[in-house]
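Enquirer: coordinates for the following, if possible.
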Amino acid sequence: MIIDTRTAGLTRENGKIKASVFAPGSKSVKLMCNKRSIAMNESPEQPGWFVCSFKDESVPLVYHFENENGAFTDPFARLLDEKNGFGERSEVPDAILSVPDKASKTGKKAYKAHDLRSSVIYKLHVRCFTAHASSGVAAPGTFAGVASKVRYLKGLGITTVLLMPCYDFDEVVRGSDFTRPPERKPSSPFEAVLNGSVPPVEAPKKLNVWGYSAPAAFFAPKASYASQPDKADAEFRSLVGSLHRAGIDVMMEMCFPADVSYSFVTGVLAFWKDEYDIDGFRLMGDNPCIPMLALDPVLTGMTLISHDWDTTGIPDECRRERLGSCNDAFMVNCRRLVKGDEDQIRYFAGSFKDNGGNTARINYFADHDGFTLYDVFCYDVRHNEENGERNRDGREINYSWNCGVEGPTGKKNIRALRLKMCRNALMLLFLSEGVPMINAGDEFLNTAGGNNNYYCCDNETGYVVWEKNAQAREITSFVRKLIGIKRTHPVFANKTELKGQDYLGQGLPDISFHGIKAWMPDYGYYSRTLGILLNGQYVQVDRKNTDAGFFLLINMHWEAHEFDLPTIDERPYTMILASDDAGAVAGERTCTLEGRTAVLFRVDEPRVKASVSIKKKDSGKAKVSGEKKKDSGKASVSGEKKKDSGKAKVSKEKKKDGRKDKVSEKMEKQE
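Expert: Next comes the predicted model:
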């Protein structure tokens, strides 16, 4: 069945209100509108659809539908009449048909979204993002509350905000769908027993805070997420506008039931695109229509992310610019490597260079359904007792390590180790090929107390607690630097699949892997060390310039190791970032890494030194001359050599005769 979602429900057209609703099997349907009852007739052209029309008096309409079994909400409603607040929702809320505000759609500037492959995604839950008092916003837990954090998000450097379900879902778990016509209920307990069912026993109220798989009005912004529920549409539109003005894309997660039609799904997505300027969607759930959306012309130019795509027959420009697939494999491989599991080097090397090929690969170390980033290194097992399911819900295997103590601890050595482990995880996430996605709060060590499935926790367990201690500030600054590197250097976001070959004759392959010895990767079962060299000459920064090269060293062993630095012409190495500044010491051609440490070097252009002499002319002006230093054929590490140890820490100072990229300049300013 094809549904025209533009005319379904209640609409205003040519001075009339037209109503249509799908209620198959109903004997009669009526529209209850502004306390009036209006009979509806079944359409002879479309069986199961009930329709009516009446004069449009240009006033707001509050309405719902009723059949012989009870009331239900318009599934195509653009706004719901919900004033009770989150968690206190009525069982069958009324819908609102507002008077059109022409001014809301005039004067808008077209917004150009970022290329998905160059994006950095920040995922948040509208309510939980600012509901905690520590957020400091005037309207906590609302669209306006998120808008108050736009300046923070822009300063963090992210390109895209991904909103967990913020269409108007029923957060109260009831076992019924408020948008569907009710079926006949047994008239007595005796009849219920004969029909094989029993009268419902009232259970304690439980919430679905996240909104996945909940009954929903898919065309309406969630009223309880607005500071003024009757103006939720305007407040959501204002949020999108605020993010766009800051240069931040807006995407939404959509979780469609398995039984809704393809035309309904496309109608919903097109509506949010046209009405609210949404830039893309992450499609969730098990609806069989999702794979077909990749070719739908209605969604041209929109970003679509799903668990996976069948790209057969999809044009290259569509596959590379619009489609992304979620990468659980990266999360598993990265967690296992960082915690020190055996036999992980080969798998992580594959995950590191996997940019998806035909579709962009979305990488994450933590998603909504699992431990937060910090909890991965605070808990060995889940602690979901608060969910009321006897700790049997949520992921049983988390690939986590508590660093020696389960849960919070005052031991400084364990706290320091956890912080270092988080930095390791963040470095591997942001420096890997693919599109990084981070959960709100992970950038300042937010915790859920070991709960890895806090879908029902409308409290501090599920809220983002805006930590402002020294550790939180330090890790936030670290994330900001990583995002700056990721966005400034496209070598970390290649648009073409990396081959590990020098297919352009640049003298080096596009990517190469190394072990403790250069050019000799160790994929052995007990290996926990890896070097990754990215050749920037394979990536154009602009029409004239290619990117710099980078060398990432990873030592996830608990013991120190000395690594060779690959000799590349006369090119020096400059340390850009380390998960432990004191744990990385570089010599002329080696770098020693302490246990559980990662470090990133930039491979600079060959340095030309000059001996400077000043000769005075008759005019009193100075002339500078110098002799070029002979080629040594060896790579050197910038920094002065310590006399007593024969090794040197890599200098972060700008060389007078060398070039410096924008990221290093920004980092020095911050320092």
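Enquirer: on the three-state scheme, H244 is what?
Expert: helix (DSSP: H, G, I helix; E, B strand; the rest coil).
Enquirer: any idea where the strands of the stretch 351-500 of the chain begin and end?
Expert: For the stretch 351-500 of the chain, strands defined by DSSP state E, counting those that start in this stretch occupy the ranges 360-363, 435-439.
Enquirer: quick one: distance of the last one to the chain centre.
Expert: Put plainly, it is strand 435-439. 4 Å (CA atoms, centre = their mean, to the nearest Å).
Enquirer: and it, which strands flank it?
Expert: strand 121-124 (parallel), strand 360-363 (parallel) (DSSP bridges).
Enquirer: most packed of those?
Expert: strand 360-363 (a mean of 25; mean count of other CB atoms under 10 Å). The C-beta positions use only the backbone N, C-alpha and C, and glycine is treated the same way.
Enquirer: what sits up against that one?
Expert: 116-117, 121, 305, 320, 323-327, 330-331, 334, 351, 354-355, 429, 432-437 (CB atoms under 8 Å, 6 or more residues apart in numbering).
Enquirer: from those residues, keep the buried residues only.
Expert: 116-117, 121, 305, 320, 323-327, 330-331, 334, 351, 354-355, 429, 432-437 (16 or more other CB atoms under 10 Å).
Enquirer: does N67 touch R180 like I think?
Expert: No: judged on CB atoms under 8 Å, N67 makes no contact with R180 at a distance of 10.4 Å.
Enquirer: quick one on the thing from earlier: generate CSV for the strands paired with strand 435-439, with distance to Q540 and mean pLDDT as supplementary columns.
Expert: Formatted as CSV, the strands paired with strand 435-439 follow (distance: least, CB to CB, whole Å; pLDDT from 0 to 100):
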stretch, distance to Q540, mean pLDDT
strand 121-124, 24, 98
strand 360-363, 18, 96
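Enquirer: D308 against L323, yeah?
Expert: No: counting by CB under 8 Å, D308 does not reach L323; the two are 10.0 Å apart.
Enquirer: next, count neighbours for the closest residue in space to T409 that isn't next to it in sequence.
Expert: Excluding the flanking residues, the one nearest T409 by CB to CB, 6 or more residues apart in numbering is R415, at 6.7 Å. Neighbourhood size, R415 [other CB atoms under 10 Å]: 16.
Enquirer: so what pLDDT did R415 get?
Expert: Note on R415: pLDDT of 97.
Enquirer: OK, contacts around D81?
Expert: Taking CB under 8 Å, 6+ apart as the test, what D81 contacts is 62, 93-96, 223, 229-230.
Enquirer: report the buried members of these.
Expert: Using 16+ other CB under 10 Å, the buried ones in the contacts of D81 are 93-96, 223, 229-230.
Enquirer: mind checking which of those residues are in strands?
Expert: 94-96 (DSSP state E).
Enquirer: where does the prediction get shaky in the stretch 351-500 of the chain?
Expert: The stretch 351-500 of the chain contains no residues with pLDDT under 70.
Enquirer: where along it do the helices fall?
Expert: 412-431, 470-488 (DSSP state H, counting those that start in this stretch).
Enquirer: hmm, F219 and D233 touching each other?
Expert: No: D233 is beyond contact range of F219, at 10.0 Å (criterion: CB under 8 Å).
Enquirer: quick one: pLDDT of the nearest residue to G85 once chain neighbours are set aside?
Expert: Once flanking residues are discounted, G85 sits nearest to S224: 5.8 Å by CB to CB, 6+ apart. Per-residue confidence (pLDDT) for S224: 97.
Enquirer: if I look at S224, how far off is G524?
Expert: 55 Å (CB to CB, to the nearest Å).
Enquirer: quick one: which of the two has more around it?
Expert: Relative neighbour count places S224 above the other of S224 and G524, with 21 against 13, counting by other CB under 10 Å.
Enquirer: residues contacting the more buried one?
Expert: S224 makes contacts with 82, 84-87, 89, 127, 171, as judged by CB under 8 Å, 6+ apart.
Enquirer: quick one: which of these is most hemmed in?
Expert: That'd be R127 among the contacts of S224, by other CB under 10 Å, with 27 neighbours.
Enquirer: could you list the low-pLDDT ranges of this structure?
Expert: In the chain, residues with pLDDT under 70: 1, 102-108, 185-203, 316-320, 607-671.
Enquirer: which residues in it form helices?
Expert: For the chain, the helices defined by DSSP state H cover 126-130, 143-147, 150-156, 189-194, 232-245, 262-276, 316-321, 328-339, 345-353, 412-431, 470-488, 662-670.
Enquirer: ok, which of these comes nearest L533?
Expert: helix 345-353 (11.4 Å; CB to CB).
Enquirer: report the buried residues of stretch 461-468.
Expert: 461-467.
Enquirer: distance to L156 for the residues you listed - can I get that in JSON lines?
Expert: Output for those, formatted as JSON lines (distance: CB to CB, whole Å):
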{"residue": "T461", "distance to L156": "24"}
{"residue": "G462", "distance to L156": "21"}
{"residue": "Y463", "distance to L156": "19"}
{"residue": "V464", "distance to L156": "13"}
{"residue": "V465", "distance to L156": "17"}
{"residue": "W466", "distance to L156": "13"}
{"residue": "E467", "distance to L156": "15"}
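Enquirer: excluding chain neighbours, what is closest to D115?
Expert: E321 (6.2 Å).
Enquirer: from N358, how far out is that neighbour?
Expert: From E321 to N358 the distance is 11 Å (CB to CB).
Enquirer: then N387?
Expert: Distance, N387 to N358, using CB to CB: 38 Å.
Enquirer: one more: A294?
Expert: Computed with CB to CB, the distance linking A294 and N358 is 10 Å.
Enquirer: share the number of residues neighbouring Y503, please.
Expert: With other CB under 10 Å as criterion, Y503 counts 10.
Enquirer: please read the previous query as pertaining to G505.
Expert: Quick note: G505 (other CB under 10 Å) scores 6 neighbours.
Enquirer: how much space separates it from E497?
Expert: 19 Å.
Enquirer: show me the contacts for the closest residue to N67 other than its chain neighbours.
Expert: Once flanking residues are discounted, N67 sits nearest to S26: 4.0 Å by CB to CB, 6+ apart. S26 is in contact with 50, 67-69, 181, counting by CB under 8 Å, 6+ apart.
Enquirer: okay, those in TSV with neighbour count next?
Expert: Putting the contacts of S26 into TSV (neighbours: other CB atoms under 10 Å) gives the following:
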residue	neighbour count
F50	24
N67	21
E68	12
N69	14
P181	23
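Enquirer: now for these, which pair is the farthest apart?
Expert: F50 and N69 (14.1 Å).
Enquirer: looking at the contacts of D81, which is nearest N452?
Expert: Nearest to N452 among those, with distances taken as CB to CB, is A223, at 29.8 Å.
Enquirer: may I see the buried residues of stretch 454-462?
Expert: Neighbour-count burial for stretch 454-462 flags 454-458, 460-462 (criterion: 16+ other CB under 10 Å).
Enquirer: what's it in contact with?
Expert: Taking CB under 8 Å, 6+ apart as the rule, stretch 454-462 contacts 86-87, 125, 127-128, 131-132, 206-210, 212, 369, 384, 386-388, 448-449, 451.
Enquirer: buried ones from these, can you make that a ChimeraX selection?
Expert: In ChimeraX syntax, the buried subset of the contacts of stretch 454-462 is picked out as below (16+ other CB under 10 Å):
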select :86,125,127,128,131,132,207,208,209,210,212,384,386,387,448,449,451
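Enquirer: can you report phi and psi for P75?
Expert: phi -70, psi -10 (degrees, to the nearest 10).
Enquirer: give me every residue that touches the nearest residue to it once chain neighbours are set aside.
Expert: Distances taken as CB to CB, 6+ apart put T179 closest to P75, at 3.9 Å, once the chain neighbours are dropped. Applying CB under 8 Å, 6+ apart, we find T179 in contact with 72-75, 215-217.
Enquirer: now, which of these sits nearest G531?
Expert: Using CB to CB, the contacts of T179 come closest to G531 at A216, 48.6 Å.
Enquirer: test my guess that that closest one contacts F169.
Expert: Yes: A216 lies in contact with F169 (CB under 8 Å); the separation is 3.9 Å.
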